[in-house]
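K.L.:
Make a model of this:
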Amino acid sequence: MTPFEIVFGLLTVIASLALTQVVAAAVNLIRHASSVRFSWLLTMWMWLAFATTIGNWGAMWGSRHLAAWPSWLVLLSLAMTIGQYAFSALVCPAETTGEPLDLRDFYRREKGKFIPAYLALVVFAILQNIALRDTYPAWFSDTVYSLVLGAFAVAALVSKSLRVQGVAATVLVATSIAFIANACNIGPA
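P.N.:
You can find the predicted model right below:
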């Protein structure tokens, strides 16, 4: 096995756990829909957890050409993927058992936890872009892109206006679709 395959395998396991969090929560909410008060804002953030997990996993494929994986790069990649798991776990409500669940209230209560977790992902992405600048031609544009996404997330976090929070979440969701398409363009080695 190559160093990339070992690291990619480990990160894939953690990314799979993050996806499991989001998918299991969505299925649980659908299963108990009659006792759930829906929230578009929370749904968009849950989608963002799903999309960034897939996008970040797919983007890792771009590192397959690296001959060496120094410990700092392994640890940075591991921290980012663990952060992805934390974001996914924090944005998803715990399993409901048919008791009433107000997702709007959950969003208001918990956004102070899951949006900072998303912002940590943005920071990790920027650090990784900068660290790989010698081997990653798009490092600067991706760093600027990450900074813009971070600004929208900060707006969602600090604004008391649901309209501002909604616009920020909509922009993040819209860009996440492009991120998945670009990051998961997996081709031959």
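K.L.:
which SS state does the residue sitting nearest the centre point of the chain fall under?
P.N.:
Geometric centre of the chain, nearest residue: T52, 3.4 Å, by CA atoms, centre = their mean. Secondary structure for T52, judged by DSSP: H, G, I helix; E, B strand; the rest coil, is helix.
K.L.:
can you pull the pLDDT of it?
P.N.:
Turning to T52, the model gives it a pLDDT of 95.
K.L.:
So it is in contact with S176, correct?
P.N.:
Yes. Using CB atoms under 8 Å, T52 is in contact with S176, at 6.4 Å. All C-beta atoms are positioned from the backbone trio N, CA, C, and that covers glycine.
K.L.:
and the residue nearest to the centre of the chain, what does it touch?
P.N.:
84, 87, 118, 121, 176, 179 (CB atoms under 8 Å, 6 or more residues apart in numbering).
K.L.:
do the same with V144
P.N.:
Applying CB under 8 Å, 6+ apart, no residues contact V144.
K.L.:
do the same with the one 5 residues further on
P.N.:
By CB under 8 Å, 6+ apart, L149 lies in contact with 122, 172, 175.
K.L.:
still on that earlier bit, quick one: which of the contacts of T52 sit in helices?
P.N.:
Taking DSSP state H, the ones among the contacts of T52 that sit in helices are 84, 87, 118, 121, 176, 179.
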